[in-house]
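Asker: sequence below, structure please.
(2 chains)
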Amino acid sequence: MKILVCISKAPDTTSKIAFTEGNTKFDENGVQYIVNPYDEWYALVRALEIKEALGGNVTIITVGTAADEAVIRKALAIGADDAVRIDADPKDAYYTAVQIAEYAKNNQFDLVLTGKETINYNGSQVGGMIAEALDAPFISVATKLDVNGSNMTLEREIAGGIEVVETGLPAVVSCAKGMAEQRIPNMRGIMAARTKPLQVVAPVSVEDMTSFVSYTMPNAKSACKMIDPSNMDELVELLHNEAKVI
Amino acid sequence: MSVLVYVNSSTGIHKSANEAVTYAKKLGGSVTVITNGGCDAATLASLGKYGADKVLVDRSVNSNDDQQLTRMIATAADSVGATTVVFSHDLTAKAVAPRLSVRMKAGLISGAIDLPSGDGTTKVNVFSGKAFGAVKVNTSKKIISLLPNSIQPEATGSDCAVEDFNGNAGSTNVKVITTKKPEGEIPLPEAERKNYRNAVKNMTKLEM
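Answerer: Residues are numbered from 1 along each chain as shown, chains lettered A, B, ... in the order given. Next up, the predicted model:
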């Protein structure tokens, strides 16, 4: 079984978020990059579990520059067999998806896994776009995945519940919490990752369909407001109209 | 300008659907809603109060198969000449909007939290809500997936026409085996203000 796992780099969750060049670019100064948690914890680990049960090969793919190779090596240390880096600096989900779909199309994968979203842009776009480019079924926000021959049984979140579905391979799945448990790379894996194959592929020509023009930070948190316990209407009004959380 | 709104009416019309239609109305131009499944016409007609000029419903599509929904919405967009498609940014939108973006060659803005500004950009949350981004679409057609609770639904009109529609959705590749729903609980995304009000009051009573 050939499985392709899409990984993306993301700032460590403790990173200070700031912008530079007139608030048009993320300030990478001092930022430690990690494998996007949804890609690593759920997509990659579930791919490895399937390989361990059924045999096959797990390839990781990212669209990024040479600076992303530390993140790729970490994914290899967790257990992926080989890696592909599309040599480009992506700015748009569509651009990224087309690059991955092109590689997947030319290399005949049975299953393509992504995380449900990246923690930097939170777009949830790449998986669905790859599926459309491949004309393959797409199961989004899946929390469970079992492969039975040429079919898969999955659980996915729907409004107010969980849907159990079945579809055929090849397919694209975006993975969410529940799919697998995080694995910490051991020393043997870290050492082995240094020599695992990492193929660098030239990107295909694609125009970005969207672009981030600028960024802003939220207003600083205001002082705590104390509400009298007997005044629930005011609390609800504030939560609804001012905090906008309900 | 023609705006198409996809509404998931499989469990009725919820607040998020009214928000999406209100948002589409505020974008300007004619607003057509496309939906599927068995929701009754009278319920669908109520979307007219929030700005829909008409509702198209494909009764033959009864699943959450994103390939079928993508084909159906693309057919509807062609049919009404839509240059903008609006979704509520729910689980269905997360599956369907990216596919539709590729199919229609339309730039996708995921999780919009405001109307487009004067410079044509639309505000979204980034870095898990730690910052905002202003996104520009570079294509002539665009898709906007509106984050629920970003705007208030505004009922200013009256019921609209509901028409049957054949979205040429094709067959499904995803078979639903079963659906598990928690009993007696209000799904958080569906909860309305009234439910929250009661919940907050009850919680406070318990704590007191």
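Asker: residue contacts, B:Ser9?
Answerer: Contact analysis of B:Ser9 by CB atoms under 8 Å, 6 or more residues apart in numbering or on different chains lists B:17, B:35-37, B:39, B:43-44, B:57. In short, each C-beta sits where N, CA and C put it, glycine included.
Asker: looking at those residues, which are in strands?
Answerer: Judged by DSSP state E, these include B:35-36, B:57 as members of strands.
Asker: of the contacts of B:Ser9, keep whichever come out buried.
Answerer: Buried subset of these (neighbour count, 16 or more other CB atoms under 10 Å in any protein chain shown): B:17, B:35-37, B:39, B:44, B:57.
Asker: looking at the residues you listed, which is nearest A:Lys2?
Answerer: For the buried ones among the contacts of B:Ser9, the closest approach to A:Lys2 (CB to CB) belongs to B:Asn36, at 34.5 Å.
Asker: please report how far the closest one lies from B:Ala93.
Answerer: 14 Å (CB to CB, to the nearest Å).
Asker: and if you look at A:Asn36?
Answerer: From A:Asn36 over to B:Ala93 (counting by CB to CB), the distance is 21 Å.
Asker: who has more neighbours, those two?
Answerer: Of the pair A:Asn36 and B:Ala93, B:Ala93 is the one with more neighbours under other CB atoms under 10 Å in any protein chain shown, namely 30 against 25.
Asker: gap between the more buried one and A:Val45?
Answerer: From B:Ala93 over to A:Val45 (counting by CB to CB), the distance is 27 Å.
Asker: just confirm yes or no for the longest helix along chain A near chain B.
Answerer: In chain A, with assignment by DSSP state H, the single longest helix is helix A:93-107. Yes. Against chain B, helix A:93-107 shows contacts by CB under 8 Å from any CB of the partner chain at A:93-94, A:97.
Asker: redo the residues you listed as CSV? Include distance to A:Val236 and neighbour count.
Answerer: Listed next are these as CSV, based on distance: CB to CB, whole Å; neighbours: other CB atoms under 10 Å in any protein chain shown:
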residue, distance to A:Val236, neighbour count
A:Ala93, 37, 26
A:Tyr94, 41, 27
A:Ala97, 42, 29
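Asker: tell me the contacts of A:Gln125?
Answerer: Per CB under 8 Å, 6+ apart, neighbours of A:Gln125: A:93-94, A:97, B:97-98, B:101, B:108, B:110.
Asker: same question, A:Pro11
Answerer: So A:Pro11 contacts A:17, A:26, A:31-34, A:119-120, B:127 (CB under 8 Å, 6+ apart).
Asker: can you give me the strands in chain B?
Answerer: According to DSSP E, the strands that chain B contains are B:2-6, B:30-36, B:54-58, B:84-88, B:107-112, B:122-126, B:131-137, B:142-146, B:161-164, B:174-180.
Asker: which secondary element of chain B has the worst mean pLDDT?
Answerer: Ranking every helix and strand in chain B by mean pLDDT, DSSP states H and E puts helix B:193-207 at the bottom, with a mean of 51.
Asker: quick check, A:Lys16 in contact with A:Gly30.
Answerer: Yes. In this structure A:Lys16 lies within contact range of A:Gly30 using CB atoms under 8 Å: 7.4 Å.
Asker: can you pull the poorly scored residue ranges out of chain A?
Answerer: Within chain A, no range satisfies pLDDT under 70.
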